[in-house]
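Asker: Give me a model of this one.
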Amino acid sequence: MRHGCKVNHLSRTHAHRVAMLSNMATSLIMEKRIETTLAKAKALRVYVEPLINRSKEDTTNNRRVVFSYLHSKEAVNELFREVSQKVANRPGGYTRILKTGIRHGDNSVMAIIELVDYNENMLKAVTEKKAKSTRRSRGKKADTVETPAATTEEAPKAE
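Answerer: Residues are numbered from 1 along each chain as shown. I've put the predicted structure just below:
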C-alpha cells in the first residue's frame, strides 16, 4: 500500500530518477521549454520550482544548493542571472504545463513544460487584454445608429 507516498517513481530507481530530473531541469532552464510526457512534466515541476525560488536571492549557499541539484555550471549561471530577474516579483508558479495530445507509439499523454515569463505569445495576449478599455454603451447608440434607408434616399432613382 502507498499510504502517504507522494513521489511519482516514474518506473525508475532512485538514482535514475534523480539523474533524469536533473537533466530535464537543466534543459528547461537552458531552453525555457521542453516537450515530455505529462507524468514527467508534473514530477519536473515539483523538482524545479524550489530551485527557481532559491535563485531569487543570489548567495553563495543558494548557488551551491542549486548546483548540487543541477550539476551544470552553465545552467546555474543562467538561472541566477536571467531567470531570477524575470521571476523576481512573482510569488510562485514559475512553470506552465500544456497538454499536447498523445504519442502514437505507446499512447502516453504528451505535454510541454515551459517557464511562464518566457512565452512571448501569451505575454502579448496579456498585454493586449490590459490595453483594452472597458465597453460602455453610453453615447455610442446615438452616434453609431445610421439607417441604411437614409443613404438610399439620397441616390437618384433611374426610372
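
Asker: Would you mind measuring from Ala19 to Glu114?
Answerer: 22 Å (CB to CB, to the nearest Å). Heads up, the C-betas are built off the backbone N, CA and C, glycines and all.

Asker: So for those two, which residue has more residues nearby?
Answerer: Glu114 (21 against 13; other CB atoms under 10 Å).

Asker: Now do the contacts for the more buried one.
Answerer: 28, 32-34, 95-96, 98 (CB atoms under 8 Å, 6 or more residues apart in numbering).

Asker: Apply 6 Å and report the result again.
Answerer: Glu114 is in contact with 33, 96, counting by CB atoms under 6 Å, 6 or more residues apart in numbering.

Asker: so is it in a helix, a strand, or just coil?
Answerer: Three-state assignment for Glu114 (DSSP: H, G, I helix; E, B strand; the rest coil): strand.

Asker: Tell me the backbone dihedrals of the residue lying closest to Met110 once chain neighbours are set aside, please.
Answerer: Excluding its sequence neighbours, the residue lying closest to Met110 (CB to CB, 6 or more residues apart in numbering) is Thr100, at 4.8 Å. Phi and psi for Thr100, reported as degrees, to the nearest 10, are phi -120, psi -10.

Asker: Quick check: pLDDT value at Thr100.
Answerer: In this prediction, Thr100 carries a pLDDT score of 96.

Asker: show me where the chain has strands.
Answerer: 33-37, 95-102, 109-115 (DSSP state E).

Asker: The first one to strand 95-102, inter-axis angle?
Answerer: This points to strand 33-37. On the basis of axes from the mean of the first three to the mean of the last three CA atoms, to 10 degrees, strand 33-37 is oriented at 50 degrees to strand 95-102.

Asker: neighbours around Val126, how many?
Answerer: For Val126, using other CB under 10 Å, the count is 10.

Asker: got a list of what it touches?
Answerer: Val126 touches nothing, counting by CB under 6 Å, 6+ apart.

Asker: For Asp117, see how far away it is.
Answerer: Val126 is 11 Å from Asp117, by CB to CB.

Asker: number of nearby residues for the nearest residue to Tyr47 once chain neighbours are set aside?
Answerer: Using CB to CB, 6+ apart and skipping residues adjacent in sequence, the residue nearest Tyr47 is Leu21, 4.6 Å away. Using other CB under 10 Å, Leu21 has 20 neighbouring residues.
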